[in-house]
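> Sequence isn't available, so here's the structure alone:
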């Protein structure tokens with residue numbers, strides 16, 4: 001918290017942001033302004049809502065602090081930047097950037113809000129270092145709606161790959177270096193993102209569809225057509241990294257591409273050893289690298305799913321109940337900081353105190369339990385709990401009365 005304290009000019013928001021981050025790290029079953037304010041001992045959620053919506057501080061500056069914190073403690077020469085989106089199912093139409101759209105969280109089209117994240121994945125750990133809200137065209141074409149949700153009048157539509165390029169650019173422009181970027185088909189199928197990475201001489205392993213066309217010395221082919229031509233001896237069994245049930249072994253094959261641009265361009269093919277299912281990746285590196293390196297980068301992409309799971313399950317990344325853009329960006333940034341804290345403690349504990357025989361190393365989940373139990377668990381008396389019960393019921397009564405009045409007015 002001392003790292004970001006300078007971003008707050010007054011002591012009140014500085015203390016309150018500390019309580020909010022501690023609340024995000026707590027074991028509350030649901031984390032929002034109401035539950036965290038009660039947990040922190042405040043008389044109402046007004047202070048927390050003021051911190052997220054109206055207090056004067058720069059969430060982007062704190063985001064940069066989170067990035068520097070992660071890089072300082074999790075730095076790895078072989079780290080991979082993983083770009084991916086995550087959606088939060090929402091109700092109504094007034095929450096910023098919400099519309100009916102596909103989200104992997106639900107696995108179908110839902111009324112949802114989607115954001116793109118940049119995750120730093122190294123051998124010591126992984127954590128999100130940047131975020132961008134995906135604002136659909138239905139919003140950018142409606143300036144009044146954007147203004148009501150706290151978006152600027154000049155908000156322009158940007159695709160998810162364009163948001164990814166924006167975040168990767170910020171990372172590199174801050175003076176950091178990384179050798180590889182990984183992503184799924186949304187990003188691998190975008191020529192502009194691939195071109196931007198090639199110009200910066202950053203390697204990538206990006207998934208593409210089976211219908212993606214690539215150029216070889218023999219001409220242009222679909223990815224699946226090339227896979228059918230791979231001889232049996234060209235497949236190699238390699239691990240994409242350790243998972244919850246051991247190493248993830250697949251069969252791999254790589255084909256050189258005849259791209260006119262400089263660098264090594266290849267098509268990587270992954271085959272499931274049980275089902276035979278195939279996956280395809282466009283690969284680039286400034287100089288040729290072994291197949292094992294491409295496989296390692298491919299395996300790093302799964303770290304983003306672990307980051308989303310931990311960020312949502314442990315730090316309340318998806319539990320905000322906020323409609324405006326400013327509040328969303330502040331909540332998400334502080335949730336990223338809370339998760340980064342857990343990832344850094346985990347990395348440091350693994351380095352300083354290796355787990356004894358018979359115990360697995362400390363996980364982020366276990367660190368949160370210990371931290372909440374030993375450090376951050378507040379104790380409140382019965383009077384405090386009863387005051388909050390009365391406050392909630394009073395607020396709900398006002399909301400109910402207002403709802404009935406609107407309903408009666410609409411009927412007349």
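Sure, I can see it. Everything numeric in this text was worked out from a predicted model, so none of it was measured. Numbers count the residues shown, from 1 in each chain.

> for stretch 237-251, which positions count as buried?
Within stretch 237-251, the residues that qualify as buried are 238, 240, 248, 250-251, counting by 16 or more other CB atoms under 10 Å. In this view, the C-beta of every residue, glycine as well, is placed from N, C-alpha and C.

> Name the helix or strand for residue 250, please.
For residue 250, the host element (DSSP states H and E) is strand 246-256.

> Give me the contacts around that strand.
Around strand 246-256, the neighbours that count as contacts under CB atoms under 8 Å, 6 or more residues apart in numbering are 214, 216-217, 226-227, 230, 234-242, 264-273, 283, 291, 294-295, 299.

> PyMOL command to pick out the buried ones of these?
This is the PyMOL syntax for the buried subset of the contacts of strand 246-256, where burial follows 16+ other CB under 10 Å:
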select buried, resi 214+226+227+230+238+240+265+266+267+268+269+270+271+283+294+295+299
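
> May I see the buried residues of stretch 272-287?
Judged by neighbour count using 16+ other CB under 10 Å, the buried positions of stretch 272-287 are 278-285.

> Ok, stretch 352-359 next?
Buried positions in stretch 352-359, judged by neighbour count with 16+ other CB under 10 Å: none.

> now the end-to-end length of it.
End-to-end span of stretch 352-359 (CA to CA, to the nearest Å): 15 Å.

> Give me the neighbour count for residue 407.
9 (other CB atoms under 10 Å).

> Quickly note the distance from it to residue 91.
Going from residue 407 to residue 91 by CB to CB, to the nearest Å gives 18 Å.

> Helix or strand next in line after the host helix or strand of residue 366, which one?
Secondary structure from DSSP H and E places residue 366 in helix 364-374. Beyond helix 364-374 in the direction of the C-terminus, DSSP H and E gives the next helix or strand as helix 382-411.

> Mind giving me the packing neighbours of that following helix?
Applying 3 or more CB pairs under 8 Å, 6 or more residues apart in numbering; DSSP states H and E, we find helix 382-411 packed against helix 33-40.

> tell me the average confidence for the next helix or strand after the helix it packs on?
Counting by DSSP H and E, the next helix or strand C-terminal to helix 33-40 is helix 46-53. Summarised as a single mean, pLDDT over helix 46-53 is 95.

> tell me what helix 46-53 is packed against?
With contacts taken as 3+ CB pairs under 8 Å, 6+ apart, helix 46-53 sits against helix 11-25, helix 33-40, helix 325-352.

> what helices or strands is the second one leaning on?
What it means is helix 33-40. helix 11-25, helix 46-53, helix 382-411.

> I'd like those helices as CSV, with distance to residue 163 appended.
Formatted as CSV, those follow (distance: least, CB to CB, whole Å):
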stretch, distance to residue 163
helix 11-25, 24
helix 46-53, 22
helix 382-411, 35
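
> If we go by neighbour counts, what in stretch 138-153 is buried?
Under the neighbour-count criterion of 16+ other CB under 10 Å, stretch 138-153 has 139-140, 146, 149-151 buried.

> thought residue 325 was touching residue 113?
No. The criterion here is CB atoms under 8 Å, and residue 325 misses it with residue 113 at 10.6 Å.

> for residue 240, helix, strand, or coil?
With DSSP: H, G, I helix; E, B strand; the rest coil as the basis, the three-state label of residue 240 is strand.

> can you tell me which residues contact the residue nearest in space to the middle of the chain?
By CA atoms, centre = their mean, the chain has its centre lying nearest to residue 117, at 3.8 Å. By CB under 8 Å, 6+ apart, the contact set of residue 117 is 83-86, 128, 130-131, 304, 307-308.

> now, which of those residues lie within helices?
Among those, DSSP state H puts 304, 307-308 in helices.

> re the thing from before, columns distance to residue 166, neighbour count and pLDDT on top of the contacts of residue 117, output as a markdown table?
Shown next, in a markdown table, are these (distance: CB to CB, whole Å; neighbours: other CB atoms under 10 Å; pLDDT from 0 to 100):
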| residue | distance to residue 166 | neighbour count | pLDDT |
| --- | --- | --- | --- |
| 83 | 10 | 28 | 98 |
| 84 | 15 | 23 | 96 |
| 85 | 13 | 23 | 95 |
| 86 | 17 | 24 | 94 |
| 128 | 15 | 30 | 98 |
| 130 | 9 | 25 | 98 |
| 131 | 11 | 22 | 98 |
| 304 | 17 | 25 | 94 |
| 307 | 19 | 26 | 95 |
| 308 | 20 | 21 | 95 |
